[in-house]
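Visitor: Sequence and predicted structure below; questions after.
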Amino acid sequence: MPIENEERERETQRVASVRANIQQRIEELRQTVDERRSEATAIGRSFWDDISVNADNADDLIETAASMAQQEHVLQGQERSYRLAQDALRKLQRVVDAPYFSRIDFKERGEQEREKIYIGLTSFIDAKTDEILIYDWRAPIASLFYDYPPGPATYRTPEMDVSGELMLKRQYIIKAGVLQDVFDTGISIGDEMLQQMLSRSADEKMHSIVTTIQREQNQIIRDDRHKVLVVQGAAGSGKTSVALQRIAYLLYKYRTTLSADNMILFSPNSLFSDYVSHVLPELGEATMQQTTFQDYLTHKLSDMGLTLEDPYDQLEFILTGTDQDPAYAARLQSIHYKTSAAFLSVIEAYGEKLKNGGIRFLDLSVGKKVLITADELSERFYSKSSILALGERMEQLSEWMLEKLDEFQADVQKRFYRKMVREPKYLGTEPEMKKMSKVKAHKAIAPLKEKARKLAYVDVLGMYQDLYTNSELHQELMHHSEQRLPAAWDTISTFTADALAGGMLHYEDATPLVYLKGLVEGQLRVGTIRYCLVDEAQDYSPFHYAYLKKLFPRARFTLLGDWNQGIFTHANASSSTDGEGQTSEYSSISELMKEDETETIRLVKSYRSTREIVDFASRVLPGGEPIEPFSRSGEAPRVLRAADETELSRLVAEAAKARRDGGASSVAIICKTERETRSAHDSLKPLLPGLARITKETLHYEAGVMILPAYLAKGLEFDAVILYDAGAAVYAEAKERKLFYTACTRALHHLDVFYLGELTPFLLNK
Ligand SMILES: Nc1ncnc2c1ncn2[C@@H]1O[C@H](COP(=O)(O)OP(=O)(O)OP(=O)(O)O)[C@@H](O)[C@H]1O
């Protein structure tokens, strides 16, 4: 709604005056920072000069200690206030050019006056009048802006709900400290503003959506009632954006008790972590622990000397194999079983059984000499009361081993010393030789001690192998949950035992092995994590969830996924492409978390792609989760057949060039697999100089033209997407449908689909 000239003038002046006020505060803070910095340095320098030490007299010593403590206290205080001033300075510097983005007028029930609330990235109070000139977008009252159209409205404070009437909702576009545009909005948040935001180009970094958060997204961002929040959101509905805004919100709301270290975000891969890395700093928050599940597993298994397969190699295997190959079929069954809740109960039953016997140990030896045998370790371990948890008993065992190693070290030291005395090549005084022998003995034994501390003498791998070489054991463990061995047990067990014997750990075995390790060693829990957020949650198996829950017992979970994009086998194995299948897959999460308070929220509106692209992609998944495009129109996707490989390369290269020349800053040529990407890259390279190939090792990408497999494009978005070959020879089987859908939904503005031979049947559904 246009704003009258007079009102516009008032708003222009307010922007200028608030900005001037902020600039003045920036100046003051700059001075404070400089002063504090020099004071802290000066105190640090004079710290020792100011303290007269008289060590002869006990009273003086006490006084000296007190004086030191006092000085240190002053120093710490100065440092703290320096840091606070610096933080405040940085925050204001970040917002000075655009101090706020919206305003709401709210009349609280029972009040005569309406309050004007200006909302920005950070709050700002007038130092002279104490008037709040800007409210932080995360303040309770600011939620009115996101949640209500003008009319009756309520917001929640920690103490109570406050009701009243929302009289006005206004949005501002401020650049370089000058008001560019201002408009009032009605029902939802600035369709106008959102239109502007969404018609922009995608660059290589994600941006915050703070000015246009939608109501249903706000509900997720601010939820603090549920222990488990499951978000099923259509492609492009803002799941990742919401996850990051939520982190910023929680850090603000619980700023006195929660820090970034208490939160963890699992991302699909490092490329994606890099892609989203700008959002939190943009919101003025420190970036937080972001990891991939693969990194976590690698870290946990680093000492085992195994070759750990990554999820992308697993997927590549699945996508490139065929059902005719018996090894392929065996592997699929194996994955299906090992990602199931049934296998989880086997591992748990195993943990229980091991409390009374069966833990395998390895000899502790130096060279050929065995210092402590595996039997001794086992005897010692099981001689402890079985009331003690496995972890406690392990700790005691490791202490005992360290004592033994101390004794052994003393012995080695003596031997070194005697050798030195005997051999004429060692020249030195007696104390020198003593010292040298001590250092040498320490060096020799230190690695053994390190292993004892890390419980490297517990043969977790051997115990895991037992599960596959000893079918009776497996069967026995299954009885606890009244399950039976899977039909393909013989194939699964042989296949797994062979791989493990060859030092190969398949991805599907990694989490069960880490879980078993945690149970046996008693080091399963990470109590410091209070919030665990999982993006692309559909790619985690029931086993993963049960494990995460055990790992972070104090955490609240936010699981954001799109079960239409479940491209990993466990998802494909248990869910069909119809609506019912997806629901059952995704309810398995709620099922696992059932004893907690679980809330499920659906996001159906897609903000990424044009209406034409959303409609096109929806055809791929008939009966899938609904997806509603935000009303933004563009050109219809193009589908073109190439006569042969040469023509395919030419058409794809021409399309990429045309998109780039037409203004698209990011153009992605998406293939099905790594194998196809490699060969397409070879053919396209001469036609498209500068074409960047993205692999699972890529940590960062620049805007431009790139080529990548669909599973690496997950979570990312591009101005233009070109599907390299959507022929029936490439995409036809059920397992490829969701992957194809994922590829199509990466496009913001343009989608070009090329194919050889017949077109994929996924596009033939009307
Ligand atoms: N409220 C919003 N205002 C402006 N832009 C938004 C909003 N919500 C989402 N977007 C934009 O829509 C695009 C998709 O968002 P995001 O990547 O968070 O979705 P997603 O649900 O994680 O997608 P996918 O599952 O397909 O990877 C991003 O460009 C994001 O900035």
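Guide: Thanks, I have it. Just so it is clear, the structure is predicted and the values come from calculations on it, not from any experiment.
Visitor: which one is residue 308 nearest to, not counting chain neighbours?
Guide: Excluding the flanking residues, the one nearest residue 308 by CB to CB, 6 or more residues apart in numbering is residue 505, at 5.0 Å. C-beta: built from backbone N, CA, C; applies to glycine.
Visitor: Phi, psi for that neighbour please.
Guide: Main-chain dihedrals, residue 505, degrees, to the nearest 10: phi -110, psi 110.
Visitor: Just to check, it is in contact with residue 511?
Guide: No: with contact defined as CB atoms under 8 Å, residue 505 does not reach residue 511; the gap is 10.6 Å.
Visitor: Quick check on those two: which one has the bigger neighbour count.
Guide: residue 511 (25 against 21; other CB atoms under 10 Å).
Visitor: which residues touch residue 21?
Guide: Residue 21 sits next to 124, 126, 133 when contact means CB atoms under 8 Å, 6 or more residues apart in numbering.
Visitor: change it to 7 Å
Guide: The contact partners of residue 21, by CB atoms under 7 Å, 6 or more residues apart in numbering, come to 126, 133.
Visitor: Is there a neighbour count for residue 117? I'd like the number.
Guide: 21.
Visitor: Which residues does it form beta bridges with?
Guide: Beta bridges link residue 117 to residue 104 when assigned by DSSP bridges.
Visitor: Return the distance of it relative to residue 148.
Guide: With distances taken as CB to CB, to the nearest Å, residue 117 is found 13 Å from residue 148.
Visitor: repeat for residue 140
Guide: Distance, residue 140 to residue 148, using CB to CB: 13 Å.
Visitor: cool, residue 365 as well?
Guide: 71 Å.
Visitor: More neighbours: which of these two?
Guide: Ranked by neighbour count (other CB under 10 Å), residue 365 and residue 148 place residue 148 first, with 19 against 12.
Visitor: Which secondary structure element is home to the nearest residue to that one once chain neighbours are set aside?
Guide: Distances taken as CB to CB, 6+ apart place residue 166 nearest to residue 148, at 5.2 Å, with adjacent residues excluded. Element membership for residue 166 (DSSP states H and E) is strand 161-175.
Visitor: Any idea how far the helix or strand following that strand is from the middle of the chain?
Guide: Going down the chain from strand 161-175, the next helix or strand is strand 178-184, by DSSP H and E. Distance, stretch centre to chain centre, for strand 178-184: 36 Å (CA atoms, centre = their mean, to the nearest Å).
Visitor: Give the rounded mean pLDDT of strand 178-184.
Guide: Average pLDDT, strand 178-184: 89.
Visitor: That one: which residues count as buried?
Guide: 179, 182, 183 (16 or more other CB atoms under 10 Å).
Visitor: which residues sit against that strand?
Guide: Counting by CB under 7 Å, 6+ apart, 1-3, 8, 11-12, 15, 168-174, 192 sit against strand 178-184.
Visitor: switch the cut-off to 6 Å
Guide: Here strand 178-184 makes contact (CB atoms under 6 Å, 6 or more residues apart in numbering) with 1, 3, 11, 12, 15, 170, 171, 172, 173.
Visitor: number of nearby residues for the residue nearest to residue 148?
Guide: Number of residues near residue 166 (other CB under 10 Å) recorded here: 22.
Visitor: Specify the beta-bridge partners of it.
Guide: Going by DSSP bridges, residue 166 forms beta bridges with residue 106, residue 151.
Visitor: May I ask which helix or strand of this structure has the lowest mean pLDDT?
Guide: Lowest mean confidence among the helices and strands of the chain (mean pLDDT, DSSP states H and E): helix 569-574, at a mean of 45.
Visitor: distance of residue 484 from residue 733?
Guide: Residue 484 is 29 Å from residue 733, by CB to CB.
Visitor: Closest to the centroid, which residue in this protein?
Guide: Residue closest to the average C-alpha location in the chain (CA atoms, centre = their mean): residue 266, at 2.3 Å.
Visitor: Can you verify my assumption that that residue contacts residue 534?
Guide: Yes: in this structure residue 266 lies within contact range of residue 534 using CB atoms under 6 Å: 4.7 Å.
Visitor: The stretch 101-250 of the chain against the ligand: which residues are in contact?
Guide: Within the stretch 101-250 of the chain, the residues that sit near the ligand (CB under 6 Å from any ligand atom) are 194, 197-198, 209, 212-214, 217, 233, 235-241.
Visitor: switch the cut-off to 8 Å
Guide: 189, 194, 197-198, 202, 206-207, 209, 211-214, 217, 233-243 (CB under 8 Å from any ligand atom).
Visitor: Tell me the buried residues within the residues you listed.
Guide: Buried, going by 16+ other CB under 10 Å: 189, 194, 198, 202, 206, 209, 211-214, 217, 233-243, out of these.
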